[in-house]
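Peer 1: Sharing a model that was predicted from the sequence below.
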Amino acid sequence: MDAPAIRASGLTKEFGPRTAFRDLTFEVGAGEVFGFLGPNGAGKTTTVRVLGTLIRPTSGTAEVAGVPLADADGPELRSLVAVMPENPGMYLRLTVYDNLEYFAGLYGIPRAQMRERILSSLDTVGMGPRVHDYAGSLSKGLRQRASLARTLLSDPKVLFLDEPTSGLDPVATREVRELIEGLRTHGVTVFLTTHRLDEAERLCDRIAIMNTTLRVVGRPDDLRRQLFESAIEVRTARPLADPAAVFGSAGATDVWTQNGDGVYTVKADDPAATTPALARALVAAGADILRLAEVQRTLEDVYLQLVSEDVEVTR
Amino acid sequence: MNPRTSAVFRKELRDFRRNKFIVGTMIALPIFVIAIPFLSVLGIKPGDPENVVRNILGGASLSFFLVPLILPTVIAGYAVIGEREQGTLEPVLTTPVRESELLIGKALAAVVPCVSISYTLYAIYRLVVVSAAAPVVNHLVNQPSQLLAVILFAPLLATFSIWVGLAISVRSNDVRVAQQLSGLAVLPMLGLIALFSFRVLTPSVAVALAGALLLAVFDLVAWRVVSALFDRERLLTRYGSV
């Protein structure tokens, strides 16, 4: 089994009296797309900066691409990873090619290979035809793509993407997401911070939700199961005369709630087994069934549940 | 040159060439600084008193040192804070480039054009003096010590100026403030040069070499200070360890 691409243990960063994040312990597998979610000020960007050796942790240890997080190892670690900050950070007076040539030089790519690498990176993000455009003439979406091309120059083992779709319109957002999905097929480990829960759900193998401390880490499905009990939604044309009897006869648990006329939520430990039994019981009771389906919890539900807990605690 | 330093050097020159403010200043400032002393030197007549001639030539000589001293501050003020303002500093710091490679690349990109301009202006000055100035002027200007001083002092002054500018730039929040502070910070150095230009210290090859050695020491100290001040964490966050 491959060694983890990122391993953090008790990682903490404080700026004077303010704690950016505390006691982060997690691992990211090689080739995994790992989502890092949290509200504004949760410490996501600072975590990326610490793991990218831009700033030092106050305490704790970490290893990225097999290199320990230490001042002396900074250049070696940075040669194995690439970071795409939230701001594309292009030199607006230079062409796209000149921008990438500069970074290729900083990554120590030999001049003989430079042109090929630059054009290949730009082709990967669909920016080949804009190679000689000035960065200042590009839309934000195109600058974001050029910035992504820049991170691909060094063929990184780990790619940190900090809010890559922030401020983009829906079309540009979809394009950037497709590029990230494409990276998965290249075996690059992606550490993605985002506010967009649908984006995380769609792209990430696992996600972590943090708010100064790490709240949960896991696959979206596992987190849903972990935080919410399984339930079945029942809708009938008219309210049931005796819902307790109907649900009880279906072998479902007796925990159910009525959410309106003919709308019920029935707790079920095993929805796959309970749903057919409920259907039979409803038909036997003469109910006209409009809907009978497992309640689908989104990642947003998981996130809001965790973040609202934090709000309760801080009140 | 180290490949990363070379990459920084080439990028900086490319960026400067397309920055109208920097190009404009690089053209206008030397013309402004040199024009009046140039005209004064050409106005010297054979019968003018020697102390007047020496003062005019001292002023002209000082002007040549003003260019490498002041011009780099315009670029240096922009070098770090300008990158931070346009959001390019963070991507650069995520690459394997070392602080020393980045700073030396930026310094060279400022020093090379400024010194080239200074040498070019001095070459034009010598040509004009030889071809059009009074013989007494030609005699006083055509001294090995002065030529040596220009050749040695210009790069050393420009280097000092760029380190001071970079030191202020890494601790500043505004490009213009950084440029103005840098301009002020290098002015005391002008006093030192004036001792040579106005012959308070008798110009000689030995004095020129000693002055160059002193400037080299200042450059070394300034480099150490800039290296110590360049703190990635402070540059990227509002909260620093200092």
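Peer 2: Structure's in. What do you need?

Peer 1: What parts of the stretch 1-150 of chain A come near chain B?
Peer 2: With the criterion set to C-beta under 8 Å from any C-beta of the partner chain, the stretch 1-150 of chain A comes near chain B through A:15-16, A:18, A:46, A:49, A:52, A:54-56, A:75-76, A:78-79, A:81-85, A:87-94, A:98, A:101-108, A:147, A:150. All C-beta spots, glycine's among them, are computed from the backbone N, C-alpha and C.

Peer 1: So what touches stretch A:212-221?
Peer 2: With contact meaning C-beta atoms under 8 Å, 6 or more residues apart in numbering or on different chains, stretch A:212-221 is reached by A:19-26, A:42-43, A:200-201, A:204-209, A:223, A:226-227, A:299, A:302, A:306, A:310.

Peer 1: let's see 7 Å
Peer 2: With C-beta atoms under 7 Å, 6 or more residues apart in numbering or on different chains as the test, stretch A:212-221 has contacts from A:19, A:21-26, A:42-43, A:201, A:205-209, A:223, A:226, A:299, A:306.

Peer 1: Quick check, the residue in the stretch 101-250 of chain A closest to chain B?
Peer 2: Per C-beta to the nearest C-beta, A:G105 is where the stretch 101-250 of chain A lies closest to chain B, at 2.5 Å.

Peer 1: Touching, that residue and B:T5? I think so.
Peer 2: No - contact criterion C-beta atoms under 7 Å: A:G105 and B:T5 do not qualify, at 9.4 Å.

Peer 1: okay, now residue 118: neighbour count?
Peer 2: I went with chain A, as the question did not name one. When counting by other C-beta atoms under 10 Å in any protein chain shown, one arrives at 24 neighbours for A:I118.

Peer 1: other chain: chain B
Peer 2: B:S118 has 26 neighbours, counted by other C-beta under 10 Å.

Peer 1: three-state assignment of it?
Peer 2: What DSSP: H, G, I helix; E, B strand; the rest coil gives for B:S118 is helix.

Peer 1: same check, this time on A:A241
Peer 2: A:A241 is classified as coil under three-state DSSP.

Peer 1: how near is B:S61 to chain A?
Peer 2: 36 Å (C-beta to the nearest C-beta, to the nearest Å).

Peer 1: just to revisit the earlier point, and the residue of the stretch 101-250 of chain A closest to chain B, what is it in contact with?
Peer 2: With contacts defined as C-beta under 7 Å, 6+ apart, the neighbours of A:G105 are B:3-4, B:6-7.

Peer 1: do B:L157 as well
Peer 2: Taking C-beta under 7 Å, 6+ apart, one finds B:65, B:68-69, B:189, B:215 in contact with B:L157.

Peer 1: and of these, the nearest to A:L138?
Peer 2: Comparing the contacts of B:L157 against A:L138 with C-beta to C-beta picks out B:P68 as the nearest, at 37.3 Å.

Peer 1: Just to be sure, that closest one is in a helix?
Peer 2: Yes - with three-state DSSP as the criterion, B:P68 is located in a helix.

Peer 1: Contact partners for it?
Peer 2: Counting by C-beta under 7 Å, 6+ apart, B:P68 touches B:114-115, B:118, B:154, B:157-158, B:161.
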